[in-house]
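Undergrad: 3D, please:
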Amino acid sequence: LVIGIMMAGFLATMLVTLFTVQETPITEKPQSQTGKEALRLVALTAIFFVTTRLAIWLIGLAGNALQKANLSSTAYILAVGGVGLICMAGSVLIGVILGATVGIGKEATHQHSFIWWIVNRLLILAAVTGVRDFAQYYLRDVLKVANPATENTRLLLAIAAFLVPATLVGGKLGDVFGRKRMLLVSALIAAAGTVLLLTAPNMMVVYLAGAVVGLGYG
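TA: A predicted model of the protein is given here:
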C-alpha cells in the first residue's frame, strides 16, 4: 500500500509537470559529447567510491587500534566518534573538491561559493541521516523505551512538522538577512537539537529535540 501511494504520487506530479510546464524548444541540434560525458560520470563515481571506502577503512583501522589502548568506554566512544567525524567530513570535502574539478572543469576555480555550499549540504544531510537511521536504536538501547519503532516514527513526525514551515520561512529570511548567515544559524540550531537529543532524559524532551532539529534543517 505504501509503495502504491508513492507510485501514485510520482505519477501525479510527473503528469502535472508534463502538462503544465512550458518549455522553449531548442532551435539547433546540440553537439554530441556522449563519450566525454560518460567518462566524466565514471570518474565522478570512482572518486566518491574511493573516498567513502577509504573513510570506512580508516574508521575501522582506528577503531581496532583504540580497542587495544585500554580506554574507558566513554573515552573510547568519544575517540571513535571523533575519528568517524573527521573521516566523514574529510571524505565529503575531498570528494566534492575532486568531483567539482572533474565535473565542472576549469570553471571550478571560479565556483568556490557553489563548492562550499555542496560541502555544507552534504554534511547537513549526513548528520540528519545519522539521526534518522540510528535514533530507533538509541531509543531502544539508551532510553530503554517500550516501543522504539513507534516512538521513532513520532520523532520523525516531530522533525517533519517543523521542517516544512521552517523551509518556507527560511527562504524568506535568507533573502532578508543573507544566505550564508542563515546557513550558519540553521546549522547551529540543528546542532543544538542534536545535543538536546543526546542528553534527553525522556521522550517529551526527545520530541522537543526533534522539533529543534527539524527547525534547523528546514
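Undergrad: What strand or helix carries the spatially most central residue of the chain?
TA: Nearest to the geometric centre of the chain sits Leu125, at 0.7 Å (C-alpha atoms, centre = their mean). Element membership for Leu125, per DSSP states H and E: helix 112-141.
Undergrad: One more: Ile5?
TA: Assigned by DSSP H and E, Ile5 belongs to helix 2-20.
Undergrad: what's the pLDDT at Asn120?
TA: Per-residue confidence (pLDDT) for Asn120: 87.
Undergrad: now do Leu125
TA: 86.
Undergrad: So which bits of whatever helix or strand comes next after the helix holding Ile5 are buried?
TA: Remark: after helix 2-20, the chain's next helix or strand is helix 34-67, criterion DSSP H and E. Using 16 or more other C-beta atoms under 10 Å as the burial criterion, the residues of helix 34-67 that qualify are Arg40, Leu44, Ile47, Phe48, Thr51, Ala55, Leu58, Ile59, Ala62, Leu66. Heads up, the C-betas are built off the backbone N, CA and C, glycines and all.
Undergrad: and the spatially closest residue to Ile118 that is not a sequence neighbour, what element?
TA: Leaving out its chain neighbours, the residue that sits closest to Ile118 by C-beta to C-beta, 6 or more residues apart in numbering is Val96, at 5.1 Å. Assigned by DSSP H and E, Val96 falls within helix 73-104.
Undergrad: What residues of that helix count as buried?
TA: 79-80, 83-84, 87-88, 91-96, 98-102.
Undergrad: go on, stretch 161-180?
TA: Ala161, Phe162, Leu163, Ala166, Gly170, Gly174.
Undergrad: can you tell me which two in the residues you listed are farthest apart?
TA: Distance extremes for these: the farthest pair is Ala161 and Gly174 at 21.2 Å, using C-beta to C-beta.
Undergrad: what about the helix holding Val96, average pLDDT?
TA: 88.
Undergrad: same deal with stretch 153-160?
TA: Average pLDDT, stretch 153-160: 92.
Undergrad: Buried residues in that stretch, which are they?
TA: So stretch 153-160, judged by 16+ other C-beta under 10 Å, has buried residues Leu155, Leu156, Ala158, Ile159.
Undergrad: can you put these in a markdown table and add secondary structure and distance to Val206?
TA: Shown next, in a markdown table, are the buried residues of stretch 153-160 (DSSP: H, G, I helix; E, B strand; the rest coil; distance: C-beta to C-beta, whole Å):
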| residue | secondary structure | distance to Val206 |
| --- | --- | --- |
| Leu155 | helix | 6 |
| Leu156 | helix | 11 |
| Ala158 | helix | 8 |
| Ile159 | helix | 11 |
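Undergrad: what about stretch 194-208, how long is it end to end?
TA: Stretch 194-208 has an end-to-end distance of 10 Å (C-alpha to C-alpha, to the nearest Å).
Undergrad: so how far is it off the chain centroid?
TA: Taking C-alpha atoms, centre = their mean, to the nearest Å, one finds stretch 194-208 lying 21 Å from the centre of the chain it belongs to.
Undergrad: average pLDDT across it?
TA: Mean predicted confidence for stretch 194-208 is 92.
Undergrad: All good on my end, thank you.
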